[in-house]
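Novice: Need coordinates for the following:
(one chain, ligands or ions: 1)
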Amino acid sequence: MVVSKRYFLETYGCQMNKAESSALEALLRERDWQASADGADADLVIINTCTVRATAENRAWGRIAQYAAAKRQRPFKIMIVGCMAEQYREEMKSRITEIDFVLGTFQKQSFGLVLDQMEAGISLDASDEKPAYVFAKTHHDPGAFRAFVPIMHGCNNFCSYCIVPYVRGREISRSPCDILLEIDRLSEAGVREVTLLGQNVNSYRWSGEEGDLDFPGLLRLIAARERTKKEDVRSIGWIRFLTSHPKDLSNGLIQVLAEEPIFCRHIHLCIQSGSDRILTAMNRKYTKEYFLSLVEKMKAAIPGLSLSTDILVGFPGETEEDVEDTLDLMKKVGFSYSFMYHFNPREGTPAAKLPNRIPEKVKKARLARVIALQKEITQNSLRARLGAEDVILLEEFSRKSGKELLGRTARDEMVVLAADSSRLGSFATVRLTGLSGNTFKAEEGGSCDSAPQP
Ligand code: SF4
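Specialist: The predicted structure is shown next:
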C-alpha cells in the first residue's frame, strides 16, 4: 500500500507527448497524488518516452538506468509510458528489471487502473492487448494560459525514416463535440492560446450522423463557436495547430486561415528535403516544385504568414547535389526557423535497411551548412521586422531579468518586454525595437489587455 503519494514525471519528445503527460497528471491529481520537485523523494517516477530520434531515446535509456540504480538504494515505483514503451514493451522489463510498469501508447487509458492497483498493493501490469486509442478529456495544466488540444492521433503516411506509424498506429480523429467541449473548458479556465495537435492535422476527418468534417471544417466550427461566446468566457485569443504535411494542406485550409484571424499566421510545414530524389526515397509524396507553389499560394492569401519547418540531412544515398537542392529551397522559402537534424536509422523502418549510408562526418558537415544558412535567413528576416508593431502574448519571466517578460508573436517570434508579473498571460501591443540573438526587444505601443478578438 502506498502511503505517501508523490510522483515525478519526465517527458521527452513532441508536443503530443507533452499533452499526454498533462492528461496523466490530471489523473494523478484526481487521485490526490502530489507532484515532486525531482525524482529523489518520489514514490512513483514516470518517464514519458520518445523514439522518433535516437538522441531522445538514448537520453531516456540513460535516465531509466539512473532511476534503476536509485531504486537499489530506496524503494519506489518506476513506470515507463509513451513511444519507447510501445516499441520495446517486450524487452524493457527484462532489460531493466527495476521497471515496475510499461504502458505503451495504446495502454495509457489503463493508467488510472494501474494507479489504483498500485495503491491497493496489487502488482498487476497493464494488459498486453492493443485497445483502440482513447483521447483524454483534458490536457490542461491548472493555471496555465496555453494548452494543447489533441484532435487526431497516429499517422498513415509511412515516411520511410519515421517510426511514428508503428508506435502510434493508424490515424484516428477525435470527435468534434469532444474537441469543442475541451476548448470550452479551456475558455472558462482563462486559457489564452490553444494549440490543436496531431501527427498530421491536415488529414483530420470525422464522419458522424451530421455528416463529414475535414480539418478546414473543424477550424471553421471552432472559430464560429469562439465568436459566439459571451465576454466572460471568451478568453482564447489565438489558436495554433501542429503538424502539417505539405501534401495534405488544402486550398480550403488556406482560405480559412485567410478569413479567420483567431488562427495564428504561422504554420509549421515539414519539408525534410529539397531534393525530389530524396523526397521520393523518404516517401513524402510531393516535389520541391509542388512545395514552392504551395508556399507561394499561402503567402499570397495570408499576409504576414511565417513558415517554419523540419529538415533531415544525410538520408541514405544523399549527394552534394541533393544538399544544394535543400539549401536552394530554404533560400526560396525563407523559413523563420527550422528543426534540423541528421539521419539516424530507426529500427523497424524501411530507411533503416537502405544501403549507401552517409558517413557520420559527412552528415555532420552537411548539417552544419544547413544550420549556418538557416541562422542567416532567420537573422535577415528578423532584422527586416525591426520597427514593426505587433501583438504578443506574455508567457514567462525572462531568464535575464526579473523586470522583463518573454512573449511570443502570432508568427512565433520571441519578444522581451519590460513588464511586471501581473501581465503574465495577457496580450500586449508592442513595437519591435531591437534584437538580441533571435529574440526581439520591444517597447509597449499601447496595451490590449483583452485577447485579440476574431
Ligand atoms: S507524416 Fe511522416 S514524418 Fe510525420 S508522423 Fe507521419 S510518417 Fe512520421
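Novice: Could you use CA atoms for every contact and neighbour count after this?
Specialist: Noted.
Novice: hey, what's residue 152 bridged with?
Specialist: Residue 152 has the following beta-bridge partners by DSSP bridges: residue 173.
Novice: residues touching it, list them.
Specialist: Applying CA atoms under 8 Å, 6 or more residues apart in numbering, we find residue 152 in contact with 171, 172, 173, 174, 197, 198, 199, 200, 201, 204.
Novice: Also residue 289?
Specialist: For residue 289, the contact set (CA under 8 Å, 6+ apart) is empty.
Novice: Could I get the buried residue list for the one helix or strand it maps to?
Specialist: Assigned by DSSP states H and E, residue 289 belongs to helix 288-301. By 16 or more other CA atoms under 10 Å, the buried positions in helix 288-301 come out as 288, 291, 294, 295, 298, 299, 301.
Novice: For that helix, what is the distance to the chain centroid?
Specialist: Distance, stretch centre to chain centre, for helix 288-301: 24 Å (CA atoms, centre = their mean, to the nearest Å).
Novice: gap between residue 80 and the ligand?
Specialist: 21 Å (CA to the nearest ligand atom, to the nearest Å).
Novice: Is that residue in contact with residue 99, as I believe?
Specialist: Yes - taking CA atoms under 8 Å as the definition, residue 80 is a contact partner of residue 99 at 7.5 Å.
Novice: Neighbour count: the two, which is higher?
Specialist: Legend: neighbour count by other CA atoms under 10 Å for residue 80 and residue 99, higher for residue 80 (26 against 21).
Novice: any idea how far the nearest residue to residue 348 once chain neighbours are set aside is from the ligand?
Specialist: What sits nearest to residue 348 in space, not counting adjacent residues and going by CA to CA, 6 or more residues apart in numbering, is residue 163, at 7.3 Å. Remark: distance between residue 163 and the ligand (CA to the nearest ligand atom) = 6 Å.
Novice: Give me the neighbour count for residue 163.
Specialist: So residue 163, with other CA under 10 Å, has 23 neighbours.
Novice: Please name the residues that touch it.
Specialist: So residue 163 contacts 51, 52, 346, 347, 348, 349 (CA under 8 Å, 6+ apart).
Novice: From those residues, pick the one nearest residue 426.
Specialist: residue 52 (34.5 Å; CA to CA).
Novice: does the closest one count as helix, strand or coil?
Specialist: Secondary structure, DSSP: H, G, I helix; E, B strand; the rest coil: residue 52 is coil.
Novice: Excluding covalently adjacent residues, which one is nearest to it?
Specialist: That would be residue 163: by CA to CA, 6+ apart, it lies 6.0 Å from residue 52.
Novice: For that neighbour, what are phi and psi?
Specialist: Main-chain torsions, residue 163, degrees, to the nearest 10: phi -90, psi -10.
Novice: closest point of the stretch 1-150 of the chain to the ligand, which residue?
Specialist: residue 52 (8.4 Å; CA to the nearest ligand atom).
Novice: I figured that residue hits residue 166, correct?
Specialist: No - taking CA under 8 Å as the definition, residue 52 is not a contact partner of residue 166, at 10.6 Å.
Novice: Which one of the two is surrounded by more residues?
Specialist: Using other CA under 10 Å as the criterion, residue 52 and residue 166 rank with residue 52 on top: 20 against 17.
Novice: how would you label residue 402: helix, strand or coil?
Specialist: Three-state assignment for residue 402 (three-state DSSP): coil.
Novice: Please report the number of neighbouring residues for it.
Specialist: Residue 402 - counted by other CA under 10 Å - has 12 other residues nearby.
Novice: Write out the residues of the protein neighbouring the ligand.
Specialist: For the chain, the contact set with the ligand under CA under 6 Å from any ligand atom comprises 155, 157, 158, 159, 162, 164, 165, 199, 200.
Novice: Out of these, who's the most crowded?
Specialist: Counting by other CA under 10 Å, top hit in the residues of the chain next to the ligand: residue 199 with 26 neighbours.
Novice: Which helix or strand contains that one?
Specialist: Residue 199 belongs to no helix or strand, assigned by DSSP H and E.
Novice: OK, contacts around residue 218?
Specialist: Counting by CA under 8 Å, 6+ apart, the residues that residue 218 touches are residue 176.
Novice: Now with 10 Å, please.
Specialist: Residue 218 is in contact with 151, 176, 179, 180, 204, 205, 206, 224, counting by CA atoms under 10 Å, 6 or more residues apart in numbering.
Novice: Over to residue 159?
Specialist: By CA under 10 Å, 6+ apart, the neighbours of residue 159 are 165, 279, 280, 281, 282, 283, 284, 285, 349, 350, 351.
Novice: pLDDT value on the fourth one, please?
Specialist: Which is residue 281. Looking at residue 281, its pLDDT stands at 98.
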